[in-house]
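A.B. asks: Pasted the sequence and its predicted model underneath.
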Amino acid sequence: MTIRTKVFGVLGALVVAALVYTIVALQMARQRDRAGDEVDRTLAVLDHHNVLTRTIVEMQAAQEGYALTRNNAFRQEYQTAWELYHRTITLIPDQLRDIRQLERLRTVDQRVNEWNTKVAEPLFGTNPGDDEVSRLVREGFALVTRIRDMLDAFETREKATLAEQRREQNYVFFRATLVLLVIPAAAIVMLLVFIVVVTRVVLDPLSLVAESARQISAGNFAVKLPPAKGDEIGALVTTFRDMTAAVQRREQDLTIALERQRQIAREYAELQAKAELQREQLLATIETVPAALVIVQPPDGRILLQNKAAEDLIGPPPKTDDERRRARRRFQLLRKDGSVSPRSEWAVGRALRGEVVVGQELTIRYRAGHTVPILVSAAPLRDEAGAITGAVLAAQDITQLHEVDRMKSEFVSIVSHELRTPLTSLKGALQLVLDEEMMLPKDERMQLLRVALTSTDRLIRIINDILDISKVEAGGLKLQLRPCDVTDLVRQSIQSVEPIARSSSVRLETRLARDVPVVMADPDRIVQAFVNLLSNALKFAPPNSTVSVEAARNGNGSVAVSVRDQGKGIPAEKIGLLFRKFQQIDGSDTRRVPGTGLGLAITKALVELHGGRIDVWSQPGIGTHVTITLPATAA
């Protein structure tokens, strides 16, 4: 017998058991439903009986109330109860199955109608006298007593019927439960038989075959297979044995092929690791290059790779056609003469056509309006056959170079101007002394020598300013720190600039607090910073105005030294230019007062070297207020 026949036989028995279980379950369900319906009908009859009893009581109460009070409201209550009685009495016969109960119900109805005819109608309809009313009430009481006795008998019988029906219902439920438990138990036994059959006939041989397959996969071909029978498992065992032999034959060929493949894989992995390392090194190098580097592919110049500097300069590489169209409108390239460079002349396009572009100076003008000067170089990329496979472009932002050129030109202009004036005065004074030595009076010779000395001092100050700013930028300025009284430093600074104040007709005022704390500072450098601020204020203060100096303790314990003037003030947009080198707010070609423009830059650097800060407040037409804040020495 085949495995299929055995399995189908057991499955057929299970299907038959399932059908029998279904039929019995349906039969039991119908019996439960019938028993439940009988109980529900009896309960409904009892409910209607209670309504009838309550209605008769209400009708009797209405008759007695009317007999005592002759109030028509009792007549209405009687009529309402009478209508409810008729509606209820018509519902009960359909629920009754007992002929004797049906006869009792008809007798009750007859007695109630007799009560209504003999008592209710004369009482409510003929307006009888008191004696007649008393007689009717007594007669009605006797009829109602008989009616209630009959209803009690009816109720007793129905309750007995209900008890019997519930016993029957419980029996049906017990029998159904017993049957429904027996049939599943039999099905479980048959299922266990089925499992045993399947295990012995199918699963055990298959487990042996699976274990043999696992041993063969582990390389052990000396496995013991189950005997080949005449069923499907036997055919599987025979086929498996033939397959094992074929696998053994092919294993040797596969071992050789796998060894060769592993060798190739090792070589490929080494090459790939080297290529990846070189790629990572190249990417890292490209990212750290300050110039913008872009690699594009032909024919449309699509970007393959760009570094961070290129993204900052021209934006992220576009990925879609729509993004590429927007990228073309992101900026324009301008030639040195300011004209727009057409796209056909752009270096990347020329490189894709085979040209090499070196050091082309252009200007990027963005849609927002600002510009960036750049220096562009580009070259094509070729394969072994010489065909162009792409192009590399390098663009260097030369804004700082332009700024250095501007500062160099400005420095040369300022220094030339500032040096020429004292040198001219020095040369003229010395020339007169030499040429007219015998003819000049002694007082005039001394005046000329004082002019020469003043011009020499001015030259020394200019050179010292240049040396100081160079030391600050190179980090070579060393401070000689020690505890200092700020008020003493302020007084020294005022003494240094008093001659300038007198010559400018400007008053100097001081307001120095008594509780100013000691600061850790280089006194010579702090005095230099204070003198620079005072000199700058005196230069731009109008005659007969006042320059005030204040020194006080701040709320956080630091020291604040402020210089106020009554000059013309500084526009808000130019305050940030005050501390730039070689910078004067009125411009180098139209300066009203001399100076290199280094004093405030040196002052700011000296204050910051002391761990302080410098703040400026100014309003055109009112004046300027500059405050130096220095940290106090810890107590």
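C.D. replies: Nice, thanks for sending it over. No experiment lies behind these values; they were computed from the predicted model shown. Numbering: from 1, shown residues only.
A.B. asks: Would you tell me which strand is longest in the protein?
C.D. replies: Secondary structure of the chain read by DSSP state E shows that its longest strand is strand 371-382.
A.B. asks: buried residues in that strand?
C.D. replies: In terms of neighbour count (16 or more other C-beta atoms under 10 Å), strand 371-382 has its buried residues at 372-381. Just so you know, the C-beta spots here come from the backbone N, C-alpha and C atoms, and that holds for glycine as well.
A.B. asks: Please apply the same query to stretch 337-350.
C.D. replies: The neighbour-count check on stretch 337-350 (16+ other C-beta under 10 Å) flags 346-350 as buried.
A.B. asks: swap in stretch 493-512?
C.D. replies: Applying 16+ other C-beta under 10 Å to stretch 493-512 flags 493-494, 497, 501, 504, 506, 508 as buried.
A.B. asks: Off-centre distance for it?
C.D. replies: Averaging C-alpha positions (C-alpha atoms, centre = their mean, to the nearest Å) puts stretch 493-512 61 Å from its chain's average.
A.B. asks: Show me the contact partners of it.
C.D. replies: Contacting residues not belonging to stretch 493-512 are listed as 487, 490-491, 527, 530-531, 534-535, 538-539, 541, 543-551 [C-beta atoms under 8 Å, 6 or more residues apart in numbering].
A.B. asks: Might you specify the subset of the buried residues of stretch 493-512 located within strands?
C.D. replies: residue 508.
A.B. asks: Need phi/psi at the residue most central in space within the chain.
C.D. replies: Compute the mean C-alpha point of the chain, and by C-alpha atoms, centre = their mean the closest residue is residue 316, 23.0 Å away. Dihedral pair for residue 316: phi -70, psi 150, per degrees, to the nearest 10.
A.B. asks: Am I right that residue 122 is in a strand?
C.D. replies: No. Applying DSSP: H, G, I helix; E, B strand; the rest coil, one finds residue 122 to be helix, outside a strand.
A.B. asks: That one: neighbour count?
C.D. replies: As a burial measure, residue 122 scores 16 neighbours (other C-beta atoms under 10 Å).
A.B. asks: Tell me if I'm right that it and residue 129 touch.
C.D. replies: No. Using C-beta atoms under 8 Å, residue 122 is not in contact with residue 129; the gap is 11.3 Å.
A.B. asks: of all the buried residues of strand 371-382, which comes closest to residue 393?
C.D. replies: Nearest to residue 393 among the buried residues of strand 371-382, counting by C-beta to C-beta, is residue 378 at 4.4 Å.
A.B. asks: what's that closest one in contact with, if anything?
C.D. replies: Neighbour list for residue 378: 347-348, 350-351, 355-357, 391-394 [criterion: C-beta under 8 Å, 6+ apart].
A.B. asks: Adding distance to residue 213, secondary structure and pLDDT, write the residues you listed out as JSON lines.
C.D. replies: Formatted as JSON lines, the contacts of residue 378 follow (distance: C-beta to C-beta, whole Å; DSSP: H, G, I helix; E, B strand; the rest coil; pLDDT from 0 to 100):
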{"residue": "347", "distance to residue 213": "68", "secondary structure": "helix", "pLDDT": "85"}
{"residue": "348", "distance to residue 213": "63", "secondary structure": "helix", "pLDDT": "83"}
{"residue": "350", "distance to residue 213": "68", "secondary structure": "helix", "pLDDT": "87"}
{"residue": "351", "distance to residue 213": "63", "secondary structure": "helix", "pLDDT": "86"}
{"residue": "355", "distance to residue 213": "68", "secondary structure": "coil", "pLDDT": "89"}
{"residue": "356", "distance to residue 213": "68", "secondary structure": "coil", "pLDDT": "90"}
{"residue": "357", "distance to residue 213": "69", "secondary structure": "strand", "pLDDT": "88"}
{"residue": "391", "distance to residue 213": "60", "secondary structure": "strand", "pLDDT": "89"}
{"residue": "392", "distance to residue 213": "59", "secondary structure": "strand", "pLDDT": "89"}
{"residue": "393", "distance to residue 213": "62", "secondary structure": "strand", "pLDDT": "87"}
{"residue": "394", "distance to residue 213": "64", "secondary structure": "strand", "pLDDT": "88"}
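A.B. asks: Adding distance to residue 558, write these out as a markdown table.
C.D. replies: A markdown table is the format used below for the contacts of residue 378 (distance: C-beta to C-beta, whole Å):
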| residue | distance to residue 558 |
| --- | --- |
| 347 | 55 |
| 348 | 56 |
| 350 | 61 |
| 351 | 59 |
| 355 | 63 |
| 356 | 61 |
| 357 | 57 |
| 391 | 59 |
| 392 | 55 |
| 393 | 53 |
| 394 | 49 |
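A.B. asks: just the buried members of the residues you listed?
C.D. replies: Using 16+ other C-beta under 10 Å as the threshold, 347-348, 350-351, 357, 391-394 are the buried ones among the contacts of residue 378.
A.B. asks: Now do the helices in the stretch 101-250 of the chain.
C.D. replies: 121-125, 130-198, 204-217, 232-288 (DSSP state H, counting those that start in this stretch).
A.B. asks: which stretch in those is the model least sure about?
C.D. replies: Ranked by mean pLDDT, those end with helix 204-217 in last place, scoring a mean of 71.
A.B. asks: Which strands and helices lie in contact with the strand or helix carrying residue 18?
C.D. replies: Secondary structure from DSSP states H and E places residue 18 in helix 3-69. Applying 3 or more C-beta pairs under 8 Å, 6 or more residues apart in numbering; DSSP states H and E, one finds that helix 3-69 makes contact with helix 72-89, helix 121-125, helix 130-198, helix 232-288.
A.B. asks: So what's the residue count around residue 43?
C.D. replies: 14.
A.B. asks: ok, the closest residue in space to it that isn't next to it in sequence - contacts?
C.D. replies: Closest residue to residue 43 apart from its sequence neighbours, by C-beta to C-beta, 6 or more residues apart in numbering: residue 162 at 6.9 Å. Residue 162 is in contact with 39, 42-43, 46, counting by C-beta under 8 Å, 6+ apart.
A.B. asks: coming back round to it: turn the buried residues of strand 371-382 into TSV, columns for distance to residue 302 and pLDDT.
C.D. replies: Shown next, in TSV, are the buried residues of strand 371-382 (distance: C-beta to C-beta, whole Å; pLDDT from 0 to 100):
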residue	distance to residue 302	pLDDT
372	23	88
373	27	90
374	21	88
375	24	88
376	19	90
377	20	90
378	15	90
379	18	91
380	15	91
381	14	90
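A.B. asks: Centroid-wise, who is the farthest residue in this structure?
C.D. replies: Outermost in the chain, C-alpha atoms, centre = their mean: residue 131 at 98.8 Å.
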